[in-house]
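Chemist: Okay, here's the prediction I keep looking at, along with the sequence it came from:
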Amino acid sequence: SRGNHCHSDAAARRSKRASERERERTPTHAASKMTEQAEVRRQWKTQFIDFLNPDGGHGPHMDAIRKMIVDKKRRVNVDLADLRNHDASNDTVLARSLLERPTELLPALHDAIADIVRTEDPKYLEPLDQVYASLSGSFGFQRVSPRELL
């Protein structure tokens, strides 16, 4: 009887794992995960907007964004030292997170820049146009080439 009990426990665990895998494949679960990812990206974007535009339209990053618009460019430089200084004074971890998870955070930074550009000059970007950030400064002890960031 004990052997049957162990066999039924193992079968129950296998069945439970199979149903969990199936649930992960369902459209509802996938949509929920996408919604969660979109919310995380929105939260990062909000923090980047606070970094880029902390003084209501003044400061070096806003000047750089305005110059990008005037020059009809699509890229603005972000110095990691500025980001680290912002982190230190605002109790955030943008610089470290950006270096550790660039595929997650760079799109949020690009979204933040695009939102600011659309506020500054609503006609500058078409709905599907993108703007980008280039990163400069010390990348710390991580030896990373620009190609490895993506």
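Modeler: Received it, and whenever you're ready, just let me know what you need. Remember, predicted model here, so these are calculated numbers, not experimental data.
Chemist: helix/strand/coil for residue 134?
Modeler: Judged by DSSP: H, G, I helix; E, B strand; the rest coil, the three-state class of residue 134 is strand.
Chemist: helix/strand/coil for the most centrally placed residue in the chain?
Modeler: For the chain, the residue whose C-alpha lies nearest the mean C-alpha position (Cα atoms, centre = their mean) is residue 105; its distance is 2.5 Å. Under the three-state scheme (three-state DSSP), residue 105 adopts helix.
Chemist: Also residue 76?
Modeler: strand.
Chemist: quick one, what contacts it?
Modeler: Contact analysis of residue 76 by Cβ atoms under 8 Å, 6 or more residues apart in numbering lists 61, 64, 65, 68, 113, 131, 132, 133, 134. Placement of C-beta: from N, CA and C, glycine included.
Chemist: For the residues you listed, which two are the farthest from each other?
Modeler: By the measure Cβ to Cβ, 61 and 132 form the most distant pair in these, at 14.1 Å.
Chemist: who's more crowded, those two?
Modeler: Neighbour totals were compared for residue 61 and residue 132, and residue 61 leads with 24 against 14 (other Cβ atoms under 10 Å).
Chemist: Quick check: the residue nearest to the more buried one when sequence neighbours are not counted vs residue 36, distance?
Modeler: For residue 61, ignoring the flanking residues on the chain, the nearest one in space by Cβ to Cβ, 6 or more residues apart in numbering is residue 52 at 4.4 Å. In this view, residue 52 and residue 36 are 25 Å apart by Cβ to Cβ, to the nearest Å.
Chemist: more crowded one of these two?
Modeler: When neighbours are counted by other Cβ under 10 Å, residue 52 comes out ahead of the other of residue 52 and residue 36, with 24 against 10.
Chemist: Brilliant, that's me finished.
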